[in-house]
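Chemist: Pasting the sequence and the predicted coordinates here, then a few questions.
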Amino acid sequence: MSVSPVNVTRISNNLRSTMFLDSLRRNQVDLFMSQSRLATGRSFVTPSEDPVSAARALDLTQALSRQEQFQTNVQYGDTFLTAADSALSDINAQLIHASTIASQTVSNLTTEAEREAVAEVVAGIRHQLLQSVANRQFDGRYIFGGRYTLDRPFVDALGAIAYVGDTGELVVRPDDGLTAPISMPGSLLFGALSAPITSDRDLTPSLSGDIRLEDITGADGQAIRTGTLVFNEIGGAGVFSVDMSTADTIGDVVDSINAAAAAAGAGVSATLSDTGIVITPSGGDLSITDSGTGATASDLGLLVATPTDTVINGQTLVPRVTRLTPVTALAQGTGIDLDSGLLITNGMNTAPVDFSAAETVQDVINALNNAGVFVFARINEAGTGIEVFNQVSGTSLSIGENGGTTATDLGIRTLDMATPLSQLNFGDGVTTATGAGVTDLRIVAKNAETLDVDIDGAATVGEVIDRINAAAVAAGVAIQASLATTGNGIRVADGTGGTGDLAVSIVNQSEASIDLGLKKSTTGTVTELIGDDVNLRRTEGILGALYDLETALRGDDTQGISAAAGRLDVLRGEVTRMHGIIGARSQTMATKRAQIEDATTATRVFLSDVQDLDYAEAATRLQTAMTQLQANLQAGSSVLNLSLLDFLR
């Protein structure tokens, strides 16, 4: 910048001073800006200096900030997965050790004392897995707790080990709109939850106006999409539209249709039935279609392209069970016995569960989860009922009645009439005598009458009960079979009036009486025999298998040792598969990490090009500004150094 000349012709002193000060200020601003650029290392200090570059720098800075956060996320996920990978290696090593023990002790050459001693080694393996692996932490968080990473996922419970963690996966965000799992919940890796207790009991609630649209499966089998319905009342109000975009419940849909019809002067009316929406025309033909490419009419089961003057009964809409569903609405409102409650037995612990105060499904779930016997209840994925899991590895779970039908009505009774025989005894089923018509079990009544029953071909527990009752009627023996009204199991009631023992025994070498839990007897005045629940739920994972192996070793049970060894071999393969999943995730995370690092480096380069200072140019500008300032000061000093002669001119 050039030095502003000071005109030394005949001008006023004030004008000279003003011109000098203006020039001096411009020099000082230039000097300050040059110094600021050098101090900050930026080519511009304020956006107004270079608006285009400033906007570009802002975009790049925001992009860099996101990339750096993604880089932090991926780095954390990578190290978390590395910790999980190490834990799986430890699990596999311990399973190999346990399998070796099982293989070495299943032989008849091993003594009972030796098996008892080795059982302590298995107990040590289980304890080490629990303390060092299952509850392993990384960065203060439990690796196998699912999304609940701050509390221990595995705890001592009911004399065994319970999983109290979450069933979801921990995820990180490696990019915009993308999430990646970085963990595997202990419920999956350790097999720490049993198969669910559920049945074909459908608890689908009745359709009512307060049910939200998001909780209803539409007529086409998917969620209801809200849009605009187009009604055409031929000969009446003509075409009018119904906007459903703000509808929240199915009742809102009905109200919106009626309000739009009234506003258009149409005689159309909408009501809600037990299964769907009913549209009643005013007498003329009526069609209902969607606006544009919408699908609301078809979702609601109201699509009527060809005009009709008859009542339009919408297709069936299926509401799902939710936590807020009233218990009175369950099973289409047919009624659930919640006053009786039910009994839960887990291992050696039995707890009654009271539902008398339950108003919603959430209340029912809370009562089950808070029963103190470590069960986990939730709504099933289909939204048609409740399912219950055993959380404890090393125990077996049974759910039965408490004098009523609560467990059956809720569909969570472990042994009910529809239970397949193939499912009993942890999937081993029921072994019957060879050949059709051969007796499978024998019931000796209290009056010494004998009842032989053939169950060959029966597929469910209910069919076995029917076979017993049919055989009793045919033989004229006062024996009646049913399910136990308290607890669980098949109940055999004796009405003969005899004073002897009531017993169920093996016949024809059939193990059916054992497999059905009926091989037992009663004495004295007892007139009914209650079988065992043979459809128990247990965890089929690592800790449960180790408990079974330890129990079999202590009991000198070679068959149990062999069964446990087989389970351990299967579990080793499953752990290897999950190890591969963790490894693949880790590899993906490492690749993503490298990609983000490259992208971050490129963004930094672009940002530097936009906003970083050229120090050589900036230093030259600073020197120039300083020279200009010095020149201005010297010129100003000369010009403003006035004498009396200057005033006399």
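Modeler: Ah, there it is.
Chemist: switch to C-alpha atoms for all contacts and neighbour counts from now on
Modeler: Will do.
Chemist: Which strand or helix spans the residue most central in space within the chain?
Modeler: Nearest to the geometric centre of the chain sits residue 168, at 5.0 Å (CA atoms, centre = their mean). Of the helices and strands defined by DSSP states H and E, none includes residue 168.
Chemist: residues contacting it?
Modeler: 146-147, 184-185 (CA atoms under 8 Å, 6 or more residues apart in numbering).
Chemist: in the stretch 351-500 of the chain, what spans have low per-residue confidence?
Modeler: Judged by pLDDT under 70, the stretch 351-500 of the chain has its weakly predicted residues at 436.
Chemist: what are the ranges of the helices in it?
Modeler: Applying DSSP state H, counting those that start in this stretch to the stretch 351-500 of the chain gives helices spanning 361-369, 406-410, 461-475.
Chemist: Convert the C-alpha atoms of the last one to PDB, please.
Modeler: To tie it back to what came earlier, the one meant is helix 461-475. Provided in PDB are the C-alpha atoms of helix 461-475 (Å, rounded to 0.1, in the frame of the first residue of the first chain):
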ATOM      1  CA  VAL A 461     -49.500 -84.600  25.300                       C
ATOM      2  CA  GLY A 462     -53.200 -84.000  24.800                       C
ATOM      3  CA  GLU A 463     -53.400 -87.100  22.500                       C
ATOM      4  CA  VAL A 464     -51.600 -89.200  25.200                       C
ATOM      5  CA  ILE A 465     -54.200 -88.000  27.800                       C
ATOM      6  CA  ASP A 466     -57.000 -88.900  25.300                       C
ATOM      7  CA  ARG A 467     -55.500 -92.400  24.800                       C
ATOM      8  CA  ILE A 468     -55.400 -93.000  28.600                       C
ATOM      9  CA  ASN A 469     -59.000 -91.800  29.000                       C
ATOM     10  CA  ALA A 470     -60.200 -93.900  26.000                       C
ATOM     11  CA  ALA A 471     -58.500 -97.000  27.300                       C
ATOM     12  CA  ALA A 472     -60.100 -96.400  30.700                       C
ATOM     13  CA  VAL A 473     -63.500 -96.200  29.200                       C
ATOM     14  CA  ALA A 474     -63.000 -99.300  27.100                       C
ATOM     15  CA  ALA A 475     -61.700-101.300  30.100                       C
END
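Chemist: coming back round to it: tell me which of the contacts of residue 168 is nearest to residue 223?
Modeler: residue 147 (27.3 Å; CA to CA).
Chemist: List the buried residues for stretch 598-607?
Modeler: 599-600, 603-604, 606-607 (16 or more other CA atoms under 10 Å).
Chemist: Pick out the lowest-pLDDT one from those.
Modeler: Lowest pLDDT among these: residue 607, with 70.
Chemist: how much space between that one and residue 115?
Modeler: 70 Å (CA to CA, to the nearest Å).
Chemist: just residue 359 next, same as before
Modeler: For residue 359, the distance to residue 115 - CA to CA - is 53 Å.
Chemist: Tell me which of the two has more neighbours.
Modeler: residue 115 (25 against 15; other CA atoms under 10 Å).
Chemist: so that one is in which element?
Modeler: Assigned by DSSP H and E, residue 115 falls in helix 112-128.
Chemist: Just after that helix, pick out the following helix or strand.
Modeler: strand 137-138.
Chemist: At which residues are the strands of the stretch 451-600 of the chain located?
Modeler: Secondary structure of the stretch 451-600 of the chain (DSSP state E, counting those that start in this stretch): strands located at 479-483, 486-487, 490-494, 502-506, 521-522, 528-530.
Chemist: Could you do the stretch 251-400 of the chain as well?
Modeler: Using DSSP E, counting those that start in this stretch, strands in the stretch 251-400 of the chain cover 269-272, 277-280, 286-290, 304-308, 312-313, 318-319, 342-346, 349-353, 375-379, 386-390, 392-393, 397-402.
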